[in-house]
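1. Sequence isn't available, so here's the structure alone:
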C-alpha cells in the first residue's frame, strides 16, 4: 500500500495522476496528492464570455466544488443553499487565473475551456491539487482541439503547477494535509510556471503572522515541490517539448 | 478490456462495485454499470428532520447530482443556477423512497442517513445505478453504526436494487445505455426488494404508449436483471444472512 | 348536496368539470373530483423552448402549484421560499409529459401551450385531476387556435385522462381521498389514452411493497375509472369525433 | 347574464361575495368586482412573528399573487423567478396594513391570521377587491376562533373596505376596470373604515398630476363606493352589531 | 454646529445638498435632511427596458437601499438574503414614478437614467429625501446629455420634490425624524411638482386613522415644506428657467 | 485642491480619514486614498457565529460592496442578482481575516464586530483602503465597548494596515489607481501589522509573472507605504500606546 504521508518536512505526499478517465470530456485527470483526490475535466466550447465576443481571443475558466462527503463532516451542497459559498468562489477564481497564465489566449482563438475541479476526497491542498491536475486536463483538451485542426502548435505559454506550504509549530512544511493545515499559523499557496517565475502567491497568517525570512523559506520549499510536480505532469502527459515551445 | 455493452437484449451491462472508496464516509460504493459510474456515499448524522424529532424513528434521504462533465455536453452546475433542477429533484426523491423501503426506520433509531449519489460518468441508467450502489453504501453505514453499539442486528427490512428497461424500435431491452434510452418509445425504472416484490415502478411513454402485455414483458426483464444485481451486491458486501434477517 | 365520497371501493368520487371559466385563457377548466378542486388554464404562445426553435415542432408544458390554503395546514408559497419544491416539480413534469402524449407536436406547429394547474382545494388525487382537467383546457385552446386558422383539424393524437388507485389496509381502492392516500401502503397514479394504452404508470410502495398480482388489480381499477372520466371529458367538451380522428 | 360593467361614472361594478368556499380555511371569501375575481382565505396560526413573541399581542398579515393566467397575457410565476415581484410585495403590504386597522391586536391574543389573496381573474381593482374580500374571510376566522373559546367578543375595531377611483380623459370614475385603469392619468386606492375615516390613501399620477380639488372629488366618489361595499360585506356576513361593537 | 432638529412643528429640518460629489456619475447629489443623509447618483445608459425598445421613448428608474449601518440596529444586506426586501422595493418604485413625472420621456429619447439612492445615515424621511436629492442628480445628468448634443433644451416637464408629514400625539408635524415617525398615528409622504400639483400622495394610518380635515391640514404643511425644498434645489442647481420651461 | 495622484512611483496617493462620521455606528471611518472613498462602519453585537457559541471567544467579520455608481460603468446591485458576486466575497473574506489578526479574540469576549466597507467612489485599491479604514472604525468600536465596561484594556494584538503595489510597464509602483491597476502585469495586496510582520500577501500575475527579486522590490515598497498609513491611522485615532500594548 502506498503511504499517504510525507516522509520529510520538505517532501511531497505521494502523487498520482490518471489521464483520460472521463469518456465525454475533451481532457480529464484524476489527481491524488496523499489522500486528496480531485477529478479535473476540461470542456471545450465554441463560445466565449460576452466581453470577448468578436475579439478573436479565447478564455479559460474554472469551477470548483467539494462533493458533500469529500470531507470529514458532510457539507451541504451549494445547490441546496442556492448559492456558491465564498470559499469555493475564491478557489475557482484562483484556479482560473492560474490556468489562464498557461495559455496563449490569442492563439487559442475564440473558444472557451472550462476546467471543472470536483473534490472526491479532501485531505488538505485541494486547490493546489486542482491547479496541478487541471493543467493536465487542459493540455489534453488543447491536443484534442489540435486534432480538429484548430491550430498546429499547442497555444501554451508555459507549464503551471501549484503546491501549499505552511508554518506549523514553527516548522516549515511542504504540501500540508488537513490536520497540519488546520493547525498551521501561516499557510501559503504558491503557483509557478515552468520558467521558475511566480504566477500567484497567497500567504495568510490568520492565527499568526510571518516575517520576510519565513516567507523566503516557504517559497524555497514551494519551488522544490512544484518542480517535482512538474516532472510528474510531464510523465503523465507523455510530453514532447516541440508540442508548444 | 471489459466491454461496456450488453451481449443480449435481456442481459445486463457489465457491473462492478467498489466498497469503502471514500475514507471519510461511513459507507461508500463506486458502482459502474457499463459506462455509467456513480459515486455513492452514506453519511450518518445524529439528528432527524423536524417532523420526526422525538419520535424515536430514523430517516433515510438521498441527494443526486450530475458532475458537470459526466455528460456528452457539459451541464451547468445547479449551484450556478441557484436551484436544483427538476429532473435531479425527481430522481433524488425516488432514490430516497427506494432506500427507505430497505430499512426498518424504528429500529434505526433517531438518526438520519444521507445517501449522496454523484454521477461521475453518465451513459444511461444513472438513477437505477444510484439505487443499487447506494444500497451497498447504506449497509456499510449500518454496519458502522452497529460497531458503535447503536444496535445488535442491522435494521434492514430487505435488500433493494433497481434497473431500467425499455422498448426500442419495438424490442424490449434490459439496462439501456444513453443512446438506447434516448430513442426508446417507453422507459421503465423498476425497484424491487429481495422477496421479489415491487418497491417502485415508473413507466413513461412520452414518445409512445404501452399495452399491459408490453408492460408485463418489461417487468419480467427487470426482475431477472435485478436478481443478478442483487447477487453482485451480496458478493460485494460479503454478506451473511444472519446479519439482519 | 352532492356527496364528495365514493359509494364503493371501485367507484370514482363525484366529478364535475366547468369549461371556459377564466375569460383571458385560450382554454380553461375547473375540475372537481370529490373535494379536490383544480383550476386548469391553457395559454398559447407563439414561441417554443430554445431546443425546438426552427424545428417547426410545437411544445406542451405544465406548471402545478397548491394555493397556500388549499390544504389542511397552510403551506408557504414557493415564491416566499425562492424555489419550487421538489414535489411540485415532479408533478408538473408528469402533467407535461402526459399531455404531450395527447398532442401531435408536429401538426401543432411552432407554438407552446402552457397548462397551469392551480389547486384551489386539495383532498387527494390533485395530480391526476390536473391531468384530466388540463386535457379539457388543452382541447379548447386547440379549438381557439383552429379558429385563428392555425390548422384545420385539431392536432390531437388521443384523449388522455388519469386517476389514482391504492392499497389501503389490504383493500384496493379507486380515486383515493387525502385520508385514504396518507394511510395507503401502495399508491399508483395511472395515465391512459383513449385506446386503452398506458401513457404513464407510477407505483410507489413507501410504507409497503406490492406483488405483480396486486399491481394488476390496481391497473384494472384504474382502467375502469379512467374510462368513466373520459366520458365526462367528452360530455364537457361537447366532442365530435370528426374534430381530430 | 349579469353585466360586468358600471352603469354610471359614479357607480360600482356588480359585486358578489361567496363565503366559506374553501373547506380547509378558517375563513374564506370569493369576491367578484366586475370581471375581477379574487379568492381570499384566512388562516389562523398559534404563533406570531419574532418581534411579537411574548408580547401577548397578535398579528394580521397578507400575501397576494396573480395566478399565471389571471391576466390577458400569461405572467410567469414568482416561484419560477425565485422572488416575489415588487408590485405584489407592495400590494400585500397594503392589504396587511389595511386589515390590521380592522383588528384589535391586543384582544386577538398571541395568534397570527394570514390572509391569502389569490387573483383568479384580473380586470382592474384587484388590490381593493382583495381588501374588501379579505375582511369577510377575516371576520369568519375570528368567529371560528370565538368558537374555540379564544375570546367572547370578536376583537374587531371597525369594518374595512376599499375601492379604486381615477381620472380618465378628465372624467372622475369609480371602480376602474383594467382598460380604464391603464389609460387613467391619476389612480387612487382608498381604504376606509366603518366610521368614515381613512385607513390608507394612495394617489398616483404617473401619466399626469392632480390638484387638491380633483383629489377631493375622487375621495368623495371613493367614500360613496366604499359605503356600498360595506353594505354588501354586512349582508354576506349576516352581521349582528353586538358581535363586536 | 448646525442643529439637526426642526425649530417648529411646521418647519423643515435643516437641509443641505452637495452636487457632483461622485466623480464617475453623470449627476450626483448628497442630500441631508436633519440627520438623514442619502447619496443620489444618476447614471445614463443608451438602452431602455424591453417594453420601450424601438419606441423612441426613454425611461427613468430608481433603486433604493439602506447601507447596513445607516440605522440604529444593523440591517442585513439584501444581497446576503438573496432578495430585495419589500419595503425597499416599494420605496424604489415610488422614487421611480415620482422622477418620471419630472421628465418628458419622449424628448429624452431612447435612453435610460437610473437613480441610485443609497442611504448613508437614516433618521426618518429617507424616501422623500431620496426623491428631492435624486431630482438634483437627474437634472445634472440631463445637462450632461445636453452637453453631448442629445438635445438642446432639457427634457423636463416640471420640478419635483417630496416631504413627509404626520400626526403625532394629535399634533400635525412636518418632516418627521425617526423617533417622531415611529410614534406617528398617521404618516403621509407627499410628492409635488413645481406647479403646485400632486404627483403622489401616500397616507397610512396603521396605528390610527384620519379624517378628511386632518388630511387637508397635512397636505397644507407638506405644500409649504416642498416649496422650501424646491428653492433649495434651485439654488443648488444654479438654475436658469430658460433651461427647460 | 488636493491632488489625487501620487507624486512619485514610491509615494502614496493623498490619504484622509474621517472618524465618527456615521451617528448610529459604534465606530466609523470615511477613508480616501486618492479618488477612492470607502465608508467603513463597525457594528457590535452580543452574539457570535454558531461555531463560537459558549466558547467565550469573540469574532470579527467584514462585508464589502461597491455602490452601483462607485465605478466608471454602473454595476448592478448584488441584491438584484440575488447573490454576492465572487470578487466581493473574496475581498470581504480578506478584510475579515486581516482585521481578526488585529484583535485578541479571547479578550474581546463573546461578541461579534461586523465591519461594513461600502465603496462610495472607486479608483483602485478599494480592498486595501477598506482594511486601513476598517481598522480605525474597529478601534473606536473597541473603545465604545470599553466605555460600557466590557474590558479595561483594548483587546488589540497589533495595528493593521494595507496597501497595493504593482508592476506596470516594468516599473514598480506603490498604491495603484484604477488605470494603473488595469494595465498592471503584476498586482500585490499586502497587509502588515505594527511590528513589520506580514498578515497577508496576495500577488497575482494574470497578464504576467514575477520573479523573486521583483516580489522583494514590491514588498519593500509596500512596507514603506504601510508605515506611512499607520502614522495616519495613529493621528486619526489620537492614539495612546497605553490603551492596548
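-> Here it is on my side, so go on. Just so you know, these numbers come straight off a predicted model, no measurement behind them. Numbers count the residues shown, from 1 in each chain, chains lettered A, B, ... in the order given.

2. Neighbours of residue A:181, how many?
-> Residue A:181 has 17 neighbours, counted by other Cβ atoms under 10 Å in any protein chain shown. (Each C-beta comes from the backbone N, C-alpha and C, glycine too.)

3. what comes up buried for the lowest-mean-pLDDT helix or strand in chain A?
-> Every helix and strand of chain A was ranked by mean pLDDT, DSSP states H and E. The lowest is helix A:78-81, at a mean of 75. Buried residues in helix A:78-81, counted by 16 or more other Cβ atoms under 10 Å in any protein chain shown: A:78-79.

4. Mind giving me the packing neighbours of the helix or strand following it?
-> Next helix or strand after helix A:78-81 toward the C-terminus (DSSP states H and E): helix A:86-100. When contacts are defined as 3 or more Cβ pairs under 8 Å, 6 or more residues apart in numbering or on different chains; DSSP states H and E, helix A:86-100 packs onto strand A:59-66, strand A:112-121, helix A:126-147, strand A:160-168, strand A:186-193, strand A:198-204, helix F:86-100.

5. Was I right to think residue A:183 contacts residue A:168?
-> Yes. Here residue A:183 reaches residue A:168: they are 5.9 Å apart, a contact under Cβ atoms under 8 Å.

6. neighbour-wise, which of the two wins?
-> Legend: neighbour count by other Cβ under 10 Å for residue A:183 and residue A:168, higher for residue A:168 (18 against 12).

7. Give the rounded mean pLDDT of the longest helix seen in chain A.
-> The single longest helix within chain A, with elements called by DSSP state H, is helix A:212-237. For helix A:212-237, mean pLDDT is 96.

8. Report all helices and strands that it contacts.
-> strand A:15-19, helix A:126-147, strand A:160-168, strand A:171-174, strand A:186-193, strand A:198-204, strand F:198-204.

9. can you redo these as TSV with distance to chain B and mean pLDDT?
-> Below are those laid out as TSV (distance: least, Cβ to the nearest Cβ, whole Å; pLDDT from 0 to 100):
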stretch	distance to chain B	mean pLDDT
strand A:15-19	12	97
helix A:126-147	10	98
strand A:160-168	20	96
strand A:171-174	21	95
strand A:186-193	21	96
strand A:198-204	23	96
strand F:198-204	23	96
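
10. Nearest residue to residue A:160 in space, please, no chain neighbours.
-> Using Cβ to Cβ, 6 or more residues apart in numbering or on different chains and skipping the chain neighbours, the partner closest in space to residue A:160 is residue A:102 (4.2 Å).

11. what do you get for residue A:106?
-> residue A:57 (5.5 Å).

12. I'd guessed that neighbour sits against residue A:108; true?
-> Yes. Counting by Cβ under 8 Å, residue A:108 is a contact partner of residue A:57 at 7.4 Å.

13. who's more crowded, the two?
-> More crowded of residue A:57 and residue A:108, by other Cβ under 10 Å: residue A:108, with 25 against 17.

14. Got the phi and psi for the residue nearest to that one when sequence neighbours are not counted?
-> Counting by Cβ to Cβ, 6+ apart, residue A:58 is the residue found nearest to residue A:108 once chain neighbours are left out, at 3.3 Å. Backbone geometry at residue A:58, expressed as degrees, to the nearest 10, gives phi -100, psi -170.
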